[in-house]
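*Asks:* Next come a sequence and a model predicted from it.
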2 protein chains.
Amino acid sequence: MKRCTLYQYWRSSASWRVRWALSIKGVAFESIPVNLLTGEQSSAEHQARSPIGRVPALVLEDGRSLSESVAILEWLEETIPSPALYPRDPWQRARTRQLVEIINAAVQPLQNISVLKKLSPDSAEQRAWAAHFNELGLAAYEAQLAQIALESGGNGPFSIGDALSAADLFLVPQLYTARRFHVDVSRFPRVLAAEQAALATPHAEAARPEHQPGATPT
Amino acid sequence: MKRCTLYQYWRSSASWRVRWALSIKGVAFESIPVNLLTGEQSSAEHQARSPIGRVPALVLEDGRSLSESVAILEWLEETIPSPALYPRDPWQRARTRQLVEIINAAVQPLQNISVLKKLSPDSAEQRAWAAHFNELGLAAYEAQLAQIALESGGNGPFSIGDALSAADLFLVPQLYTARRFHVDVSRFPRVLAAEQAALATPHAEAARPEHQPGATPT
């Protein structure tokens, strides 16, 4: 694949998933920051890249753009199959996608910046709401990992067996966010083991938020 | 595939997507209602099927269960490829998944019953919140259909070209929900054309909420 451009925000968990996947797949990309705090994502220019006005958006060399991190990861997998981010076995692929969607549909959308702003101007209320949905989702993820271990006679240390998968690329950024909202993640030992394994793989460090353009000290 | 069991709620949009897909793929299934209004989805029994406590959950004859409608549809597609619910071309598949996620991650999670209950006990406040996210998401879906038409020199009448796809199976139930929240859907002509085409296909009518066990007159 030729060089492409990733419009992203350093602390966006969905951006993190995609830049990590691009690095694993060996795709060279230029990173352009979109500042979510000043509303750059709602500009007409950015909405041409992402109609829902979110990051990340991946723009190909021919100008076509793709948003939604799930769609980007699946497309990368289909066009650059190796190294794989989804297992080969259909049932294990289903389990991977189930874990992906617990983060992508049941946690992240409920606590992104635009939703918190719509909820309340009060930051304590925002934090409590965000922590609630992070806790629910991570508890479900932990329970699902336990169920996978039961059905496959052992699981881990990654989310799915002994290899990094798309599920880990969704989990790790969400855990970072959960900690920002002071969620007690020590309740989720299987989740933490998967995080540790995922962060020890190549490309993990470079994808972290603090190494991205536009990152500010917290 | 052998007979399976779908735990669902008649008016749940995610349940609708899955029972529609099962019918298209020719999978026989028993339908068991889970009453979201009385909280049955939060029982330990149901959480063993769906750790996040949602519907639908698909239980196979061997007892394994799978939740998350995206994971179920992709798994059906991989194990029963025909009739296809995703196009063959990787870019068109990416577009399909992008549309799917606009509904699955940017609309539905923000306005399901549990979130509305957490938001406020006031039904007017709930309706306004739900309508807001339905409007945002459907506007993005409409804009994306316009962009697809530009890049492929014409599109439709379905969400992706001239065949029913997973995107339509996500769109149609969401439109039904949007109308319940009094969203003015006439602003979205491409969306309405896709809905009309999708509802004219075989298996569409039988999947509608009013034909499901547990449905009550509205």
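*Replies:* Done, it's in.
*Asks:* What strand or helix carries residue A:196?
*Replies:* When secondary structure is defined by DSSP states H and E, residue A:196 falls within helix A:189-199.
*Asks:* which residues sit against that helix?
*Replies:* Counting by Cβ atoms under 8 Å, 6 or more residues apart in numbering or on different chains, helix A:189-199 makes contact with A:138, A:141-142, A:145-146, A:149, A:155-159, A:164, A:167-169, A:171-172, A:175, A:185-186, A:204-205, all of which sit outside it. Bear in mind the C-beta positions are built from the backbone N, C-alpha and C, glycine included.
*Asks:* and chain B, which of these contact it?
*Replies:* Near chain B, judged by Cβ under 8 Å from any Cβ of the partner chain, the entries from the contacts of helix A:189-199 are residue A:141.
*Asks:* now the contacts of helix A:189-199: which count as buried?
*Replies:* Among those, those that count as buried by neighbour count (16 or more other Cβ atoms under 10 Å in any protein chain shown) are A:138, A:141-142, A:145, A:155-156, A:158-159, A:164, A:167-169, A:171-172, A:175, A:185, A:204.
*Asks:* Can you flag which of those residues belong to helices?
*Replies:* Members of the buried ones among the contacts of helix A:189-199 lying in helices (criterion: DSSP state H): A:138, A:141-142, A:145, A:167-169, A:171-172, A:175.
*Asks:* Give me the residues contacting stretch A:24-35.
*Replies:* Taking Cβ under 8 Å, 6+ apart as the criterion, the residues outside stretch A:24-35 that touch it are A:1, A:3-10, A:19, A:22, A:40-41, A:46, A:55, A:58, A:76, A:80, A:83, A:85, A:164, A:202-203, A:212-214.
*Asks:* Now a PyMOL select for only the buried ones of the residues you listed.
*Replies:* What follows is the PyMOL syntax for the buried subset of these, where burial is set by 16+ other Cβ under 10 Å:
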select buried, chain A and resi 4+5+6+7+8+9+10+19+22+40+41+46+55+58+76+80+85+164+203+212
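*Asks:* re earlier: quickly name whichever of the ones in helices among the buried ones among the contacts of helix A:189-199 is closest to residue A:62.
*Replies:* Nearest to residue A:62, judged by Cβ to Cβ, of these is residue A:169 at 25.7 Å.
*Asks:* can you give me the strands for chain A?
*Replies:* Taking DSSP state E to define them, one finds strands in chain A at A:4-8, A:29-33, A:57-59, A:65-67.
*Asks:* Include mean pLDDT when you put the ones you listed into a markdown table, please.
*Replies:* Formatted as a markdown table, the strands of chain A follow (pLDDT from 0 to 100):
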| stretch | mean pLDDT |
| --- | --- |
| strand A:4-8 | 97 |
| strand A:29-33 | 95 |
| strand A:57-59 | 97 |
| strand A:65-67 | 97 |
